[in-house]
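Participant: Below is the structure, and that's it, no one-letter string:
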């Protein structure tokens, strides 16, 4: 994991004057020139940043995503501001932190006022033909603003992978979503389009003991490979975590036992996870081929990312939720055929967030982003221009999981500050609040908590002050 080197003195100086975060503002949207571009937004579920060949993973098979990165721009430090699908997807639609849009659970929908400032609503108003396919993850089916879309194949809740066609034949959900995408592309008119495709993959099937239900055509893929076990999966590291994170009743530990508590389970789970991602990659290849067949490839921008990361046994955990790197860091690729050759294959190391996606999509379309959006436009970075002076960001996770409404929260709430050098996490339900402080340069796997070390108290106090500042600014 490569990160920029930042001295402690430089970081403290930046924190003291409030650099980065929300203070940089957002550049005005670019004016449209010539034809307005088509936009495809592809979102995977629970895909962490290092599960692409182009990200250095030598095992996973993702040739179409790798080609997209080689022809476009790959962001190496893309993160989510809340690592759970309901909140993250609401942030992607709205360009807002969870603290502002107020969606911290699976039941709360967008209000009409907040939806009016989302990227789909703004593009609709600008004359775009809109489509949404797959899991949308925000509120109940009856409450979602489906009327915004010209083509609606949205799925409420958690869909199942094993589907059947009209003849009763088996069809994997990822394949079905790909076919619906092709149907949308073939049904176009003279309007530019924006198609949002929300895959379930590589999310597990929660209610099924098989968990990672991949398309059977991939059953032999990775069969002869041994997946390396993460360094932080060692019991000795797990023993250093606080008791409330080691509690076997927590959701992260219950699911770890389901997926990773034996070597055989670990191998099968990670290979299943990889197979689901390869299935998405195959669909991307088919979509790009169809765009070329329709003569739309030279005017169609593709944005690819994940809604949050995913633990593959690191820290003795499963799922996401916590502020560790595996949970909050995601892939982000942008392919714009209008980019000059000198910008293709560019790797951007600046911090990019899920709240940046909505203003960026609007900017790509030449539509002005509303002032309610808190993210920034990433478009200057696509062309190698200055922009995005963010040095850190606020992390929050306020989801409550108390079965029957009683007992302690099975997913402990947390907040914090993340920079490219330091990370401060604060578990706010503990009394007193439990703090973690990591130096990501010397400790990239987040194994040594510095919060109690005497010579780090100045840094700890600066991070606490920055947490309080960003917490207020995010409202």
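Facilitator: On my side now, so go ahead. Just so it is clear, the model here is predicted, and its values are computed rather than measured.
Participant: now the helices for the stretch 1-150 of the chain?
Facilitator: Assigned by DSSP state H, counting those that start in this stretch, the helices in the stretch 1-150 of the chain fall at 8-17, 63-71, 85-94, 98-101, 112-115, 119-125.
Participant: Excluding covalently adjacent residues, which one is nearest to residue 344?
Facilitator: Closest residue in space to residue 344, ignoring its immediate chain neighbours: residue 71 at 5.3 Å, by Cβ to Cβ, 6 or more residues apart in numbering. C-beta coordinates here come from the backbone N, C-alpha and C atoms, glycine included.
Participant: nope, residue 332 is what I meant
Facilitator: residue 78 (3.6 Å).
Participant: beta partners of the one you found?
Facilitator: Here residue 78 shows beta-bridge partners residue 330, residue 352, assigned using DSSP bridges.
Participant: What pLDDT does the model give it?
Facilitator: Looking at residue 78, its pLDDT stands at 98.
Participant: what's the answer for residue 11, then?
Facilitator: Taking residue 11 on its own, its pLDDT is 44.
Participant: my read: the residue nearest to residue 332 touches residue 305, true?
Facilitator: Yes. Using Cβ atoms under 8 Å, residue 78 makes contact with residue 305 at a distance of 6.6 Å.
Participant: what's the overlap in contacts for these two?
Facilitator: Common contacts of residue 78 and residue 305, defined by Cβ atoms under 8 Å, 6 or more residues apart in numbering, comprise 330-332, 354.
Participant: what's the most distant pair in the residues you listed?
Facilitator: Farthest pair in those (Cβ to Cβ) is 331 and 354. Separation: 11.8 Å.
Participant: Pick out whichever of the two has more residues nearby.
Facilitator: Comparing residue 331 with residue 354 by other Cβ atoms under 10 Å, the one with more neighbours is residue 354, at 30 against 25.
Participant: so how far is residue 434 from the more buried one?
Facilitator: Applying Cβ to Cβ, to the nearest Å, the value for residue 354 to residue 434 is 26 Å.
Participant: related to what we said a few turns ago, if I look at the residue nearest to residue 332, how far off is residue 139?
Facilitator: Noted for residue 78: a distance of 25 Å to residue 139, by Cβ to Cβ.
Participant: again with residue 432
Facilitator: Here the criterion is Cβ to Cβ. By it, residue 432 lies 35 Å from residue 139.
Participant: More neighbours: which of the two?
Facilitator: residue 139 (19 against 6).
Participant: ok, that one - contacts?
Facilitator: Residue 139 touches 103, 106-110, counting by Cβ under 8 Å, 6+ apart.
Participant: okay, the residue nearest to residue 79 when sequence neighbours are not counted: pLDDT?
Facilitator: Computed as Cβ to Cβ, 6+ apart, the closest residue to residue 79 that is not its neighbour in sequence is residue 328, at 5.0 Å. We have a pLDDT of 98 for residue 328.
Participant: what's the answer for residue 15, then?
Facilitator: 45.
Participant: same deal with residue 169?
Facilitator: Here, the pLDDT recorded for residue 169 equals 89.
Participant: can you check the one 3 residues further on too?
Facilitator: Residue 172 is assigned a predicted lDDT (pLDDT) of 98.
Participant: Tell me the spacing between residue 56 and residue 50.
Facilitator: Residue 56 sits 7 Å away from residue 50, going by Cβ to Cβ.
Participant: Please say which of those two ends up with more neighbours.
Facilitator: Higher neighbour count among residue 56 and residue 50: residue 50, with 17 against 11, using other Cβ under 10 Å.
Participant: any idea which of the helices of the stretch 1-150 of the chain is most buried?
Facilitator: Mean neighbour count, computed with mean count of other Cβ atoms under 10 Å, is highest for helix 85-94 among the helices of the stretch 1-150 of the chain, reaching a mean of 27.
Participant: which helix is the longest one in this structure?
Facilitator: Criterion DSSP state H: the longest helix present in the chain is helix 263-293.
Participant: give me every residue that touches residue 257.
Facilitator: residue 248.
Participant: I should have written residue 353 there, sorry.
Facilitator: Counting by Cβ under 8 Å, 6+ apart, residue 353 makes contact with 78-81, 375, 390, 393.
Participant: Let me see the backbone angles for residue 347.
Facilitator: As for residue 347, its main-chain torsions (degrees, to the nearest 10) stand at phi -110, psi 120.
Participant: wait, it sits on residue 74?
Facilitator: Yes. Counting by Cβ under 8 Å, residue 347 touches residue 74, with 5.3 Å between them.
Participant: Among these two, which residue is more densely surrounded?
Facilitator: Higher neighbour count among residue 347 and residue 74: residue 74, with 25 against 12, using other Cβ under 10 Å.
Participant: Please list all residues in contact with that one.
Facilitator: Per Cβ under 8 Å, 6+ apart, neighbours of residue 74: 54-55, 331-333, 346-348.
Participant: ok, now residue 47?
Facilitator: By Cβ under 8 Å, 6+ apart, residue 47 lies in contact with 201-202, 277, 306, 309-310, 330-331.
Participant: Okay, now the unreliable bits of the chain?
Facilitator: Applying pLDDT under 70 to the chain flags residues 1-33.
Participant: can you rerun that using 50?
Facilitator: Along the chain, the model assigns pLDDT under 50 to residues 1-2, 4-33.
Participant: ok, back up a step: may I ask which of the contacts of residue 353 has the most neighbours?
Facilitator: Counting neighbours by other Cβ under 10 Å, the top entry in the contacts of residue 353 is residue 80, with 28 neighbours.
Participant: That one and residue 245, how far apart?
Facilitator: According to Cβ to Cβ, residue 80 stands 20 Å off from residue 245.
Participant: host element of the residue nearest to residue 119 when sequence neighbours are not counted?
Facilitator: In this structure, residue 119 finds its nearest non-sequential neighbour in residue 358, 4.2 Å apart by Cβ to Cβ, 6+ apart. Element membership for residue 358, per DSSP states H and E: helix 357-364.
Participant: how far is whichever helix or strand comes after that helix from where the chain is centred?
Facilitator: Downstream of helix 357-364, the first helix or strand assigned by DSSP H and E is helix 379-382. Chain-centre distance of helix 379-382: 19 Å, with Cα atoms, centre = their mean, to the nearest Å.
Participant: Counting neighbours, which bits of helix 379-382 end up buried?
Facilitator: Going by neighbour count (16 or more other Cβ atoms under 10 Å), the buried part of helix 379-382 is 379, 381-382.
Participant: For that helix, which outside residues touch it?
Facilitator: With contacts defined as Cβ under 8 Å, 6+ apart, helix 379-382 is touched by 27, 30, 72-73, 75, 334, 336, 339, 343, 346, 348, 350, 352, 360, 363-364, 386-388.
Participant: of these, buried ones?
Facilitator: Buried among the contacts of helix 379-382 (16+ other Cβ under 10 Å): 27, 30, 72-73, 75, 334, 336, 339, 343, 346, 348, 350, 352, 360, 363-364, 387-388.
Participant: Take the residues you listed and keep only those in strands.
Facilitator: The strands, defined by DSSP state E, take in 73, 75, 334, 346, 348, 350, 352 from the buried ones among the contacts of helix 379-382.
Participant: Please consider this matter closed, and thank you.
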